[in-house]
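Engineer: coords please:
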Amino acid sequence: MSYDVRLGDIVIDCRNPQVAAEFWCAALRYRITETDETGVAVAGHSSAPTLLFLASSDRKLHKNRIHFDVCPIGEATRDEEVARLEALGATRKDVGQSEGSWVVMADPDGNEFCVMRTMLPPEPEPFHHL
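Structural biologist: Coordinates of the predicted model:
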């Protein structure tokens with residue numbers, strides 16, 4: 001018998017789940033699939049994990065222990081994606097990193113993520129089953 005697992009959801013605690021979900025939907029071209037009093041779920045392709053933004057009053061004190069690395073798709077460069085994400089509300093962040101092929105940023109809730117130079121193909125349609 002095989003005991004394999006797969007990521008189903010990635011849960012992100014945040015102060016304002018709606019704002020965080022709207023940012024990541026715009027950034028990743030995902031869509032909101034569910035909203036309730038605990039938070040907001042967003043999804044892209046059915047093979048990708050759902051992102052759950054859950055309300056938390058905890059204050060963020062340090063650099064995230066886990067973060068997203070996002071990669072441009074299509075013809076966009078890393079720097080063009082950084083500019084697009086800044087227009088959506090992300091900010092550049094200094095976490096003591098050295099010069100590299102990535103740019104560290106923070107979403108509107110302050111959670112760090114990196115924009116990589118590596119190009120990836122877009123996710124295929126259709127959207128998540130939810």
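Engineer: what about the strands in this protein?
Structural biologist: 9-14, 31-36, 39-43, 50-55, 68-70, 91-92, 102-106, 112-116 (DSSP state E).
Engineer: okay if I get these as CSV plus mean neighbour count?
Structural biologist: In this view, the C-beta of every residue, glycine as well, is placed from N, C-alpha and C. Conversion of the strands of the chain to CSV gives the following (neighbours: other CB atoms under 10 Å):
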stretch, mean neighbour count
strand 9-14, 16
strand 31-36, 14
strand 39-43, 23
strand 50-55, 20
strand 68-70, 16
strand 91-92, 12
strand 102-106, 19
strand 112-116, 20
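Engineer: how about those in TSV, adding mean pLDDT and distance to residue 83?
Structural biologist: As requested, these are exported to TSV (pLDDT from 0 to 100; distance: least, CB to CB, whole Å):
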stretch	mean pLDDT	distance to residue 83
strand 9-14	94	24
strand 31-36	96	23
strand 39-43	96	23
strand 50-55	96	23
strand 68-70	93	14
strand 91-92	96	11
strand 102-106	94	10
strand 112-116	94	10
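Engineer: closest one to residue 21 among those?
Structural biologist: strand 39-43 (3.8 Å; CB to CB).
Engineer: in its sheet, what does the closest one sit against?
Structural biologist: Each strand paired with strand 39-43, and its direction, by DSSP bridges: strand 31-36 (antiparallel), strand 50-55 (antiparallel).
Engineer: among the ones you listed, which is nearest residue 24?
Structural biologist: The nearest among the strands paired with strand 39-43, by CB to CB, is strand 50-55 at 6.0 Å.
Engineer: residues in contact with that closest one?
Structural biologist: Contacts to strand 50-55, defined as CB atoms under 8 Å, 6 or more residues apart in numbering, come from residues 8-18, 20-21, 24, 30, 33, 37-43, 128, 130.
Engineer: quick one, what contacts the most centrally placed residue in the chain?
Structural biologist: The centre of the chain sits closest to residue 24, judged by CA atoms, centre = their mean, with a distance of 5.2 Å. With contacts defined as CB under 8 Å, 6+ apart, residue 24 is in contact with 30, 42, 51, 53, 107.
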